[in-house]
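>>> Have a look at this prediction, sequence included:
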Amino acid sequence: MTPDPQTLNALSMANETYKQLAPKSAQAPIVGEIVKRMTGAFRTGESIPASTVNSWRSSLSRLTASNDGATRSAAIEALTALDDAMSSTLTSLGRADDVARLATARDQWRNFLAIQRAATSAGEEAAVGILSFGAAQCRRSARPSLLCSGWPWRTR
């Protein structure tokens, strides 16, 4: 991924909001670390390896389940900025089809996670392999803390 000013701005804004809203002792350093690394890469013109971006996404994804609203919000904002940057990079490389495939894969993964949460809370029958949960159970499992955040999980 090649950092651009728009991505740096979005990440910096997420980090600054996070610093203002979360107590310093409770702040996860990942957002600030991503900003520093992306800023350095932008200044030197280097690209960020896909493996590094994937590692960042994994760390941020875990933070989207945080009980702390500021942490959750910063993680969602940073993930959105990284995803937009990845889409922009792929598009500039003539790989627009990969952008669509990546969006589909992420959507399917979130669907899987919602079903997994519903299944693990389905009761005793689930323990023996009988999954008899309904739409309401699935809705409750779709990250209720994020339903109003604008995060794509609200459709799960």
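On my side now, so go ahead.
>>> Walk me through the domains of this structure.
1-94, 96-156 (automatic domain parsing).
>>> By mean pLDDT, show me the worst of those.
Among the domains of the chain, domain 96-156 carries the lowest mean pLDDT, a mean of 67.
>>> so how far is Asp4 from the closest residue to Thr91 other than its chain neighbours?
Excluding the flanking residues, the one nearest Thr91 by CB to CB, 6 or more residues apart in numbering is Val99, at 6.0 Å. Quick note: C-beta positions are derived from backbone N, CA and C, even for glycine. Taking CB to CB, to the nearest Å as the measure, Val99 and Asp4 are separated by 16 Å.
>>> can you pull the buried residues of the helix or strand encompassing Gly40?
Assigned by DSSP states H and E, Gly40 belongs to helix 30-44. For helix 30-44, burial by neighbour count (16 or more other CB atoms under 10 Å) applies to 30-32, 34-35, 38, 41-42.
>>> Kindly report the same for stretch 48-62.
Buried residues in stretch 48-62, counting neighbours by 16+ other CB under 10 Å, are found at 48, 53, 56-57, 59-61.
>>> gap between it and the chain center?
In terms of CA atoms, centre = their mean, to the nearest Å, the centre of stretch 48-62 is found 9 Å from the chain centre.
>>> what does stretch 44-55 give?
17 Å.
>>> Check stretch 80-87 too.
On CA atoms, centre = their mean, the centre of stretch 80-87 falls 10 Å from the chain's centre.
>>> go on, stretch 27-36?
With CA atoms, centre = their mean, you get 14 Å for stretch 27-36.
>>> Could you do stretch 72-83 as well?
6 Å.
>>> Alpha carbons only: can I get it in CSV?
Extracted in CSV, the C-alpha atoms of stretch 72-83 (Å, rounded to 0.1, in the frame of the first residue of the first chain):
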residue,chain,number,x,y,z
ARG,A,72,-13.8,1.0,19.4
SER,A,73,-14.5,4.3,17.4
ALA,A,74,-10.7,4.9,16.8
ALA,A,75,-10.3,1.3,15.5
ILE,A,76,-13.3,1.6,13.2
GLU,A,77,-12.0,4.9,11.8
ALA,A,78,-8.5,3.6,11.3
LEU,A,79,-9.8,0.4,9.6
THR,A,80,-11.9,2.5,7.3
ALA,A,81,-8.9,4.6,6.4
LEU,A,82,-6.7,1.6,5.8
ASP,A,83,-9.4,-0.1,3.7
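>>> All set, thanks.
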